[in-house]
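Peer 1: build me a structure from this.
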Amino acid sequence: MEEKKTETYEQSIRRRPILRVMAWVGLVVIFALIILVIVTGVTGSKYFMPSLALVIIVPILIYVVLWLGKVLQNHKKNRS
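Peer 2: Predicted structure coming up:
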């Protein structure tokens, strides 16, 4: 019996440096949004609520994109 080696999603991310760069960019964007919320909250800016909404929406969108990439990657492997 031959064992079929399957690559986990985390291993595929380590193998592709572009995904690592995108992950770091995502972290920097989220960190910048948190700073933006703090600054707009302290100053009483009218942009506080939109920046707060972005802090909630952006991580959800990043998660959805990563999940969709994982699903499509598995779909592509299953088709071949």
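Peer 1: against which helices or strands is the strand or helix carrying Lys70 packed?
Peer 2: Counting by DSSP states H and E, the element that carries Lys70 is helix 48-79. Judged by 3 or more CB pairs under 8 Å, 6 or more residues apart in numbering; DSSP states H and E, the packing partners of helix 48-79 are helix 9-15, helix 17-43. Where C-beta positions appear, they are placed from N, C-alpha and C, glycine not excepted.
Peer 1: tell me, how many residues neighbour Tyr63?
Peer 2: If you count neighbours by other CB atoms under 10 Å, Tyr63 ends up with 11.
Peer 1: shaky segments in the protein?
Peer 2: 1-7, 9, 12-15, 80 (pLDDT under 70).
Peer 1: measure the residue nearest the centre of the chain to Val25 for me?
Peer 2: The centre of the chain sits closest to Ile62, judged by CA atoms, centre = their mean, with a distance of 3.4 Å. Distance, Ile62 to Val25, using CB to CB, to the nearest Å: 10 Å.
Peer 1: before we move on, what about Gln11?
Peer 2: Separation of Gln11 from Val25 (CB to CB): 21 Å.
Peer 1: before we move on, what about Lys46?
Peer 2: Shown here: Lys46 relative to Val25, a distance of 28 Å by CB to CB.
Peer 1: my guess is Leu36 contacts Ser51, does it?
Peer 2: Yes - with contact defined as CB atoms under 8 Å, Leu36 counts as touching Ser51 (4.7 Å).
Peer 1: got the helices and strands packed on helix 48-79 as CSV, with mean neighbour count columns?
Peer 2: Below are those laid out as CSV (neighbours: other CB atoms under 10 Å):
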stretch, mean neighbour count
helix 9-15, 12
helix 17-43, 13
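Peer 1: looking at those, which is nearest to Asn74?
Peer 2: With CB to CB as the measure, helix 9-15 is the member of the helices and strands packed on helix 48-79 nearest Asn74 (8.7 Å).
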